[in-house]
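**Student:** coordinates for the following, if possible.
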Amino acid sequence: MEFLPEITLLAASLTFFTVSLCKVNSDTTRHIVIGLGFAVFIASLLSYGQTGMLFFNAYQVDLFSQVFKILIAGAMLIVILFGNKLKGISPKVQPEYYIFMFCSTLGLMMLVSSVELLTIFVTLEFASFAIYLMVPMRDDEGKFRFQMEAGIKYLLFGVTATGFMLFGMSYMFGLTGSTELSVIMVKLSTMWDNPAAVIAMMMVLCGFFYKLALFPFHFWVPDVYEGSSNETTAFIASVPKLAAVAMLIRFISPITIEGQVILNVLMVCAIASMFYGNLSALVQKDVKRMLG
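**Tutor:** A predicted model of the protein is given here:
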C-alpha cells in the first residue's frame, strides 16, 4: 500500500506504451487516460496515512509525502480533464505524450518521498527529462516552431540548475560525510557559521528554485510557457511546483535560528520574484507569457 500510487503510475505508463504500438483514435486515447488519471488519484487517496521506510531508508513514506502525492495526482487529473482532447498535440504522438506525462508525475511523486541526496537527484532528473520531451511535442502545423526554441531553453536552464544542485550536494557530502537528509540537516545545524555550509545549501536549492521559477532562475518561463502547448504549460505551471515546494519544506524546516542567512536569502528571492515578475508582466502581449 505504501508504494501504491507509484505502482499505479508505472502501470499507466506501460499501458500507454502499449497503446502507442497500436492504432487507437484520439477519443479512445482520451477515455483511457481519464480512467488511468482517476485510478492514480484513487490510489493516492488509498495510500493516505501509510508510513514506512523503503530502499535502505532512502525513500520515506509518511503523512507529509502522501498529502503531496494526493495534490500531485489531483493536479495531473485536472490537467487531463481540461486538456480538451490535446488539441495542441498531434494525434499521432498523443500516446507518447501521455507516457511522458505519467513518467514525469511518477518522478515527482518519488521525489517528495526521497530523503537521500542521490535519490533526490535521480528522481528530480527522471521527472525533468520527461518534461523536456513534452515541450517540443506541440503541433502548430509548422507555422512558427516556437516549441523547439522553448524546448532547448528549458533543457539548457534545467541542466545548468542541475549542475549547481549536484555541486552543492557534493559539498554537503564533504561537510557531513553522509547522503541521508536527516543526518545532513543535524550536522549542518552546527555549521551555519561556515560559508561552505551556506553555499552548499543554496546550490542544492537552486534545482528547486528552477522548478519554482524563483528569481533568478525564472528567465526560461515566458518563452517555455508561450512555446509549449496549452496542456503542457498547464502541467509545467502546476505539478512540478508542488513537488518543489515539498522539497523546499524538507530542506528548510529543520533550519534553526543559526541558519537565518538561508531564510534571508529565500525572502530576498521571493520578494525579487514578485517584484520583477509583476513588472515584466506589464509589457507582455501573450497571455501565457504574462502568466509566466
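**Student:** for the rest of this, base every contact and every neighbour count on C-alpha atoms.
**Tutor:** Fine.
**Student:** in stretch 250-264, what counts as buried?
**Tutor:** Of the residues in stretch 250-264, those buried by neighbour count under the rule 16 or more other CA atoms under 10 Å are 250, 251, 252, 255, 259, 262.
**Student:** would you verify that the fourth one is located in a strand?
**Tutor:** By that I understand residue 255. No. When classified by DSSP: H, G, I helix; E, B strand; the rest coil, residue 255 is found to be coil rather than part of a strand.
**Student:** that one against residue 189, yeah?
**Tutor:** Yes. Judged on CA atoms under 8 Å, residue 255 makes contact with residue 189 at a distance of 6.7 Å.
**Student:** quick one, strands of this protein?
**Tutor:** Taking DSSP state E as the criterion, the chain carries its strands at 52-54, 59-61.
**Student:** tell me which of the buried residues of stretch 250-264 is nearest to residue 231?
**Tutor:** The shortest gap between residue 231 and any of the buried residues of stretch 250-264 belongs to residue 250, at 29.2 Å (CA to CA).
**Student:** ok, now how distant is the closest one from residue 42?
**Tutor:** 25 Å (CA to CA, to the nearest Å).
**Student:** before we move on, what about residue 172?
**Tutor:** With distances defined as CA to CA, the gap from residue 172 to residue 42 amounts to 38 Å.
**Student:** look at the two and report which has more neighbours.
**Tutor:** More crowded of residue 172 and residue 42, by other CA atoms under 10 Å: residue 172, with 27 against 17.
**Student:** the nearest residue to the more buried one once chain neighbours are set aside: neighbour count?
**Tutor:** Leaving out its chain neighbours, the residue that sits closest to residue 172 by CA to CA, 6 or more residues apart in numbering is residue 200, at 5.9 Å. Neighbour count for residue 200, taken as other CA under 10 Å: 22.
**Student:** residue 200 contacts residue 174, doesn't it?
**Tutor:** No. With contacts counted by CA under 8 Å, residue 200 stays clear of residue 174, the gap being 9.8 Å.
**Student:** separation between residue 40 and residue 138?
**Tutor:** Counting by CA to CA, the separation of residue 40 from residue 138 is 25 Å.
**Student:** okay, those two: which has more neighbours?
**Tutor:** Of the pair residue 40 and residue 138, residue 40 is the one with more neighbours under other CA under 10 Å, namely 29 against 25.
**Student:** now do the contacts for the more buried one.
**Tutor:** 5, 8, 9, 73 (CA atoms under 8 Å, 6 or more residues apart in numbering).
**Student:** for PyMOL, write the select line for the buried members of those.
**Tutor:** The PyMOL selection below is limited to those of those classed as buried (16+ other CA under 10 Å):
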select buried, resi 5+8+9+73
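**Student:** out of the contacts of residue 40, what pair is the most spread apart?
**Tutor:** By the measure CA to CA, 8 and 73 form the most distant pair in the contacts of residue 40, at 10.9 Å.
**Student:** enumerate every residue touching the residue most central in space within the chain.
**Tutor:** In the chain, the C-alpha nearest the mean C-alpha coordinate belongs to residue 240, at 2.7 Å (CA atoms, centre = their mean). Contacts for residue 240 were tallied using CA under 8 Å, 6+ apart; they are 108, 211, 212.
**Student:** ok, residue 197 next?
**Tutor:** Applying CA under 8 Å, 6+ apart, one finds that residue 197 lies in contact with 171, 172, 175, 188, 191.
**Student:** who wins for most neighbours among the residues you listed?
**Tutor:** Using other CA under 10 Å as the neighbour test, those are led by residue 172, with 27 neighbours.
**Student:** the residue lying closest to residue 80 once chain neighbours are set aside: neighbouring residues, count only.
**Tutor:** With CA to CA, 6+ apart as the criterion, residue 80 has its nearest non-adjacent residue at 6.7 Å, and that residue is residue 34. When neighbours are defined as other CA under 10 Å, residue 34 has 15 of them.
**Student:** pretty sure residue 34 is touching residue 81, no?
**Tutor:** Yes. Counting by CA under 8 Å, residue 34 touches residue 81, with 6.9 Å between them.
**Student:** show me the shaky parts of the stretch 51-200 of the chain.
**Tutor:** Filtered on pLDDT under 70, the stretch 51-200 of the chain yields the residue ranges 84, 140-144.
**Student:** just the helices in it please.
**Tutor:** Along the stretch 51-200 of the chain, counting by DSSP state H, counting those that start in this stretch, helices occupy 63-81, 94-112, 117-134, 146-176, 181-188, 195-212.
**Student:** can you list contacts of the first one?
**Tutor:** Right, helix 63-81. With CA under 8 Å, 6+ apart, helix 63-81 has contacts from 5, 33-34, 37-38, 40-41, 44-45, 47-51, 105, 108-109, 112-113, 231, 234-235, 238-239, 242-243, 246.
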